[in-house]
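curious how this folds, go ahead:
(2 chains)
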Protein chains: 2
Amino acid sequence: MLRILCFCVFIVHSLSVPAEVYSEGNDCVIGELAQEIASYKDVVERILEYTTNGAFKGKTYDELAKFVDKFGARPSGSNSLEESIDYMIELSRQEHLDDITTEELEVPHWVRGHEKILMMRPRLKNIALLGLGTSVSTPPEGITADVVVVSSFDKLAEISDDEIKGRIVLFDAAYTTYGETVVYRSQGATKAAEKGAVACLIKSITPFSINSPHTGSQHYDGNVTKIPTAAISLEDADLLRRLYDRNEKIVLKIKMSSRFNTKISRNTLVDLKGTEHPEKLVIVSGHIDSWDVGQGAMDDGGGLFVSWAAPVVLKRLNLIPKRTVRSIFWTSEELGLIGAIDYEQRHRNESHNINFIMESDEGTFSPRGLAVAGTQKARCIVAEILKLFTSIDASTFVEESRPGSDITVIVEKGIPGASLLNANEKYFWYHHSEGDTLNVENPAELDLCTGFWTAVAYIIADLSSDIPR
Amino acid sequence: MLRILCFCVFIVHSLSVPAEVYSEGNDCVIGELAQEIASYKDVVERILEYTTNGAFKGKTYDELAKFVDKFGARPSGSNSLEESIDYMIELSRQEHLDDITTEELEVPHWVRGHEKILMMRPRLKNIALLGLGTSVSTPPEGITADVVVVSSFDKLAEISDDEIKGRIVLFDAAYTTYGETVVYRSQGATKAAEKGAVACLIKSITPFSINSPHTGSQHYDGNVTKIPTAAISLEDADLLRRLYDRNEKIVLKIKMSSRFNTKISRNTLVDLKGTEHPEKLVIVSGHIDSWDVGQGAMDDGGGLFVSWAAPVVLKRLNLIPKRTVRSIFWTSEELGLIGAIDYEQRHRNESHNINFIMESDEGTFSPRGLAVAGTQKARCIVAEILKLFTSIDASTFVEESRPGSDITVIVEKGIPGASLLNANEKYFWYHHSEGDTLNVENPAELDLCTGFWTAVAYIIADLSSDIPR
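Sure, this is the predicted structure:
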């Protein structure tokens, strides 16, 4: 996942009198649609039974395991990513999902080379690091410079340019939320370079660490000198902070190398064609690329596989809805939602056909519900659907203006959509680190996610009326 | 800490009639000594107030921080260990503790060199590792061989020698307790070599991981070929297990180098001489050496500093007990209790003077009480003392035949002793890994440990009668 925004809770009250969907303040009045939604109770139970106790039990985890063990990390532009796309197409075909389209696009290909930070003073010590995506290399001999430790952009601004020039800036902002703290990763190098720093380090964007650095994307603003930038572990950042506060002279030698070019990759669209309105789409999605560390099992292997599973389960159960259920495997999410941006541009003229768009990119732990964007009317319908998932404790409705990661590109055009809410309290312990492996995933939780994801998509795709805009 | 054994709970009932200490089944009858122990209530409160709210508040953490930040890891035989010993002597002198003895001894000096494991088949992947202490090197070109994954020594025994010969054995025993599981680290290489393996890997001895390998000691039995041996992360061990169970051919290339010789190090004895029986000793202790990863802040920086603090706090408060309180900083614990073995041999003729010996080497999280070895009479007295610590929830008494790590060498000679019980549920998350840093430690918890440790040592050193044997 590239980013997460804050949620605000939206309370839904249901009244069941009038026939038309309308909203009255924060109250939902969806009339006969409430009965229609309630009528899907048996289908929901059938799907959940199939994924948690039937032939599909454990399948999502097992397929995810084979996939991440075979390909490992799948960074944008890599051969492993393209091979993993081929594999997912074949896996879908094995499930008799033959309506598959790939759409080629140019993607960034940033390749990490050798990376090393040695603390030279006050004593010799290796510092664990991960260069940030798109970071430039150091000169071959490395950069050796003093360190200035600052906790925020405001603190940096208080220091004169003379004191920053020629030095390495370490941002050690305390983790609050990912959304708040990630700004140091995405903009740190630019802010430090503006004041003349020769390199920028950040304290990893995570609440927990076993000396584990976390990479991620960053962006150089147009006018600044591009300086090398990397994340270090909480432990090493705190060590440097303590030494700095004791007025110790800290000298680091940083050597980093990387290559950066472009490659061709593909978005993959797997359609289960609708019976009545095949042109209308309910999209379920996750991204198939990952960072170049760990296995990308959590970010976003889990989201990829629950979205792959949705049309598979419906096909197997012969539950073919009125509208098309399209599963999309986005490419190059981590380097800037590149696949989603291409899709939005390519399909802009037919965007009226997207009835609803869903993404799972914030973990596939136990499902809790949905974070939903859309008009009040749209949200009322989704909230009503969520009431069918009380048995698995997945009825939570949260209003979110830009849910998901890739799909924000589409949702911000006014198309209703949702992101999977799940019990992801430890998500950022592993995110973008070597710890993002299959060990984070749980078969029973994935079964619940698959059942929930599939059932929600089916109901929305099968309702008598579209999700209103 | 080198090892931990299992505890068995021992219930103490106190009756307060007779004058003599005796035991009756599991019941304690300690007579007037109960009143005498109760009379230390004010002293306990004074010490706890001083360490948690007075001038010593935060001091243990601050001194530990300066120490581990200055020296980092302090492996047996290293210069950093010897310099850190000099530093602790000077730090004690600054507290006007001038009765300091160092005792030289020969210690192992195992130095980790370059270490790398590359999975060659079924795909290229780096495997995170830490060589185990005393492991031999691979040939310079490395060892390239197939992997056999076994979950136990019994499973290994079921496989023919022909299937093991020339291969790399990975033991992936599931973590239950440290005491049960660590046998794969200490004996794995020997067992694998006996069947002709060319290298031995173990799944790290930990219940939790962010791709973090854990080193530790291991031992080659006399007759076997010494083969290289290392710990890999839970995640990589589980990956290899899954591939193996899918009948994938797994080929690893292992390169490891190390040097092994001996050096001279020192145990350090800091005495606060007793007023009435200076020859009699109550020993508080921790080990000053660490593994060569992380900072050794938890193992055993915390134990070292609470033991350093005990005579310091007593001296500052002018609480000089009847017997001598001796703080010992053991050297070379991690390579086999080398310092403690030397001390026991050197002081065997005067061991009757050790009234009680304490060690903290299982964490310095919130103190909970003591794990105690000794006769029933000895345990009854300690249990009575622990009743004075209900206010800080540190009254738990556990019977343990071999408490601590270093001090087992002395306790097994029949000398009563105890190890610090503390809220160390996550101890093995960090143990012997790069995660053993100051971030694991907490100032308020260290203040409680220091107060508890100091007060227990004071009372035992000041009682009218010795702890009976």
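
need the contact list for residue A:196.
Contacts were defined as Cβ atoms under 8 Å, 6 or more residues apart in numbering or on different chains; by that measure residue A:196 touches A:161, A:164, A:165, A:166. To be clear about C-beta, it is placed using only N, CA and C from the backbone, and glycine gets the same treatment.

residues touching residue A:315, list them.
Here residue A:315 is in contact with A:95, A:96, A:97, A:272 (Cβ under 8 Å, 6+ apart).

what is the rounded mean pLDDT of the one helix or strand it maps to?
Following DSSP states H and E, the helix or strand that holds residue A:315 is helix A:302-316. In this model, helix A:302-316 has an average pLDDT of 99.

and the helix ranked longest in chain A, how far out from the chain middle?
Counting residues, the longest helix found in chain A (DSSP state H) is helix A:443-462. Helix A:443-462 has its C-alpha centroid displaced from the chain centroid by 18 Å (Cα atoms, centre = their mean, to the nearest Å).

is chain B within reach of that helix?
No. Helix A:443-462 is not in contact with chain B by Cβ under 8 Å from any Cβ of the partner chain; minimum separation 12.8 Å.

report the angle between that helix and helix A:302-316.
Here helix A:443-462 points in a direction 60 degrees away from that of helix A:302-316 (axes from the mean of the first three to the mean of the last three Cα atoms, to 10 degrees).

can I get helix A:443-462 in PDB, CA atoms only?
In PDB, the C-alpha atoms belonging to helix A:443-462 read as follows (Å, rounded to 0.1, in the frame of the first residue of the first chain):
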ATOM      1  CA  PRO A 443      -5.600 -18.900   6.500                       C
ATOM      2  CA  ALA A 444      -8.800 -18.500   8.400                       C
ATOM      3  CA  GLU A 445      -8.700 -14.700   8.200                       C
ATOM      4  CA  LEU A 446      -8.100 -14.900   4.500                       C
ATOM      5  CA  ASP A 447     -11.100 -17.200   4.100                       C
ATOM      6  CA  LEU A 448     -13.200 -14.600   5.900                       C
ATOM      7  CA  CYS A 449     -11.900 -11.800   3.700                       C
ATOM      8  CA  THR A 450     -12.500 -13.800   0.600                       C
ATOM      9  CA  GLY A 451     -16.100 -14.700   1.600                       C
ATOM     10  CA  PHE A 452     -16.900 -11.100   2.600                       C
ATOM     11  CA  TRP A 453     -15.300  -9.500  -0.500                       C
ATOM     12  CA  THR A 454     -17.000 -12.000  -2.800                       C
ATOM     13  CA  ALA A 455     -20.400 -11.600  -1.300                       C
ATOM     14  CA  VAL A 456     -20.300  -7.800  -1.200                       C
ATOM     15  CA  ALA A 457     -19.300  -7.700  -4.800                       C
ATOM     16  CA  TYR A 458     -22.000 -10.100  -5.800                       C
ATOM     17  CA  ILE A 459     -24.800  -8.200  -4.100                       C
ATOM     18  CA  ILE A 460     -23.800  -4.900  -5.600                       C
ATOM     19  CA  ALA A 461     -23.400  -6.400  -9.000                       C
ATOM     20  CA  ASP A 462     -26.800  -8.100  -8.800                       C
END
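
gap between residue A:97 and residue B:96?
Residue A:97 sits 80 Å away from residue B:96, going by Cβ to Cβ, to the nearest Å.

and stretch A:47-63, which residues are buried?
Residues A:47, A:48, A:50, A:51, A:52, A:54, A:56, A:57, A:59, A:60, A:61, A:63 are the ones in stretch A:47-63 that count as buried (16 or more other Cβ atoms under 10 Å in any protein chain shown).

now swap in stretch A:185-203 and tell me
Under 16+ other Cβ under 10 Å, the buried positions of stretch A:185-203 are A:185-203.

mind listing what residue A:231 touches?
A:129-130, A:132, A:185, A:201-205, A:213-216.

repeat the analysis, applying 10 Å as the threshold.
A:128-132, A:135, A:171, A:184-185, A:188, A:201-206, A:212-216, A:218, A:237, A:432-433 (Cβ atoms under 10 Å, 6 or more residues apart in numbering or on different chains).

got it, and residue A:72?
Residue A:72 sits next to A:78, A:80, A:84, A:290, A:292-297, A:437, B:119, B:123-125, B:239 when contact means Cβ under 10 Å, 6+ apart.

rerun that using 8 Å as the cut-off
A:80, A:295, A:296, B:123, B:125.

residue A:332 too?
Per Cβ under 8 Å, 6+ apart, neighbours of residue A:332: A:76, A:77, A:105, A:107, A:108, A:265, A:287, A:289, A:338, A:339.

swap in 10 Å and give it another go.
Going by Cβ under 10 Å, 6+ apart, the list of residues near residue A:332 reads A:75-77, A:81, A:105-109, A:263, A:265-267, A:287-289, A:338-342, A:406.

let's see which of those end up in strands.
A:105, A:106, A:107, A:108, A:109, A:263, A:265, A:266, A:267, A:287 (DSSP state E).

which of the contacts of residue A:332 are buried?
Using 16+ other Cβ under 10 Å, the buried ones in the contacts of residue A:332 are A:75-77, A:81, A:105, A:107-109, A:263, A:265-267, A:287-289, A:338-342, A:406.

show the contacting residues for the nearest residue to residue A:437 once chain neighbours are set aside.
Leaving aside its chain neighbours, residue A:437 sits nearest to residue B:235 (4.2 Å; criterion: Cβ to Cβ, 6 or more residues apart in numbering or on different chains). By Cβ under 10 Å, 6+ apart, the contact set of residue B:235 is A:294-295, A:297, A:430, A:434-440, B:127-128, B:203-204, B:209-213.

in what helix or strand does residue B:235 lie?
helix B:234-245.

list the buried residues for that helix?
Buried residues in helix B:234-245 (16+ other Cβ under 10 Å): B:234, B:235, B:236, B:237, B:238, B:239, B:240, B:241, B:242, B:243, B:244.

let me have the residues you listed in a markdown table, adding pLDDT as columns.
What follows is these, written out as a markdown table (pLDDT from 0 to 100):
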| residue | pLDDT |
| --- | --- |
| B:234 | 98 |
| B:235 | 98 |
| B:236 | 98 |
| B:237 | 98 |
| B:238 | 98 |
| B:239 | 98 |
| B:240 | 98 |
| B:241 | 98 |
| B:242 | 98 |
| B:243 | 98 |
| B:244 | 98 |
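
quick check, nearest of the residues you listed to residue A:311?
The closest of these to residue A:311 turns out to be residue B:242 (Cβ to Cβ; 26.6 Å).

wait, the closest one touches residue A:65, no?
Yes. The pair formed by residue B:242 and residue A:65 meets the contact definition of Cβ atoms under 10 Å, at 6.2 Å.

shared neighbours of these two, anything?
Taking Cβ under 10 Å, 6+ apart as the contact rule, the neighbours common to residue B:242 and residue A:65 are residue A:438.

can you give me the end-to-end span of stretch A:389-409?
Start and end residues of stretch A:389-409 are separated by 28 Å (Cα to Cα, to the nearest Å).

mind checking pLDDT for residue A:222?
Taking residue A:222 on its own, its pLDDT is 89.

kindly confirm my reading that it is in a strand.
No. Assessed by DSSP: H, G, I helix; E, B strand; the rest coil, residue A:222 does not belong to a strand; its assignment is coil.

please tell me how far it sits from residue A:190.
Taken as Cβ to Cβ, the span from residue A:222 to residue A:190 is 9 Å.

same check on residue A:289?
24 Å.

what is the end-to-end distance of stretch A:239-253?
First-to-last residue span, stretch A:239-253, Cα to Cα: 16 Å.

how about stretch A:180-199?
Start-to-end span of stretch A:180-199 (Cα to Cα) is 22 Å.

ok, now stretch A:396-412?
22 Å.

quick check: mean pLDDT across that stretch?
97.

before we move on, what about stretch A:457-469?
The average pLDDT for stretch A:457-469 rounds to 97.

chain center to that stretch: distance?
For stretch A:457-469, the distance to the chain centre is 25 Å (Cα atoms, centre = their mean).
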